[in-house]
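Trainee: here is a sequence together with a model predicted from it:
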Amino acid sequence: MGSTLSALVVDSAGGLRSVAGTRAPVVDLPQGFALLPLTKSVRVDLDVDEPMADNVSYLTPALAELAKRWSAETTIAYIESETHGGTGTQVAAIWRGAEVVWGPRYTANNAADADETFILVTDPSEYAVNAALRELGVERRDAFDEYAALGLDAKRSTDDWLT
């Protein structure tokens, strides 16, 4: 069974709500973090729904520009994960003060998905999303990884976060 997630994450639900306003749903996460699931309808509402620029990631130029603008008020991370039977790819980037301060990083956890864009990473702590979440300040504590520490493993798809 596979899973997919495309979302913006911040270390303050209030910070995300202040920049998103009523145009997008914000989900509270553990440790004071918040998630804005980037479903098709949310992308349309935010005016960032465009074809994948590189056929690799949903981190489109319009979405990157939105994250850049919003990061003037709050540090914001873009996370993307796609798995099938445990193997897959991840993309993550962080903006602060209207600048990219981390990434974007592209990782794959199997050789078949690794290429000139996605680097092969076998240690889960170095997957793009875990590394970005750690950079944001997520504490793994007794969870398997930072992804699980925020409960992101509770849903199978981005759309599931809105139900």
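Mentor: Arrived safely.

Trainee: contacting residues around the most centrally placed residue in the chain?
Mentor: Using C-alpha atoms, centre = their mean, the residue of the chain that lies closest to the mean C-alpha position is residue 79, 1.4 Å off. By C-beta atoms under 8 Å, 6 or more residues apart in numbering, the residues touching residue 79 are 5, 6, 7, 8, 9, 90, 91, 92, 128, 129, 132, 133. Where C-beta positions appear, they are placed from N, C-alpha and C, glycine not excepted.

Trainee: repeat for residue 104
Mentor: Residues in contact with residue 104 (C-beta under 8 Å, 6+ apart) are 57, 59, 78, 91, 92, 93, 128.

Trainee: now do the buried residues in the helix or strand that contains it.
Mentor: Assigned by DSSP states H and E, residue 104 falls within strand 99-108. The neighbour-count criterion (16 or more other C-beta atoms under 10 Å) identifies 102, 103, 104, 105, 106, 107, 108 as the buried residues of strand 99-108.

Trainee: quick check: phi and psi on the residue nearest to the centre of the chain?
Mentor: Note on residue 79: its backbone torsions stand at phi -130, psi 140 [degrees, to the nearest 10].

Trainee: please apply the same query to residue 146.
Mentor: With angles defined as degrees, to the nearest 10, residue 146 shows backbone torsions of phi -70, psi -40.

Trainee: excluding its backbone neighbours, what's nearest it?
Mentor: Leaving aside its chain neighbours, residue 146 sits nearest to residue 133 (3.8 Å; criterion: C-beta to C-beta, 6 or more residues apart in numbering).

Trainee: what does residue 122 give?
Mentor: Of all residues beyond its chain neighbours, the one nearest residue 122 is residue 109 (6.6 Å), with distances taken as C-beta to C-beta, 6+ apart.

Trainee: equivalent analysis for residue 78, please.
Mentor: The spatially closest residue to residue 78, leaving aside those adjacent along the chain, is residue 93, at 5.0 Å (C-beta to C-beta, 6+ apart).

Trainee: any idea how far the one you found is from residue 11?
Mentor: Between residue 93 and residue 11 the computed distance is 15 Å (C-beta to C-beta, to the nearest Å).

Trainee: neighbour-wise, which of these two wins?
Mentor: For residue 93 and residue 11, the more surrounded residue by other C-beta atoms under 10 Å is residue 93, and the numbers stand at 23 against 19.

Trainee: I'd like to check which residues are in contact with the more buried one.
Mentor: Residues near residue 93 by C-beta under 8 Å, 6+ apart: 59, 64, 67, 77, 78, 100, 102, 103, 104, 105, 132.

Trainee: no further questions, thank you.
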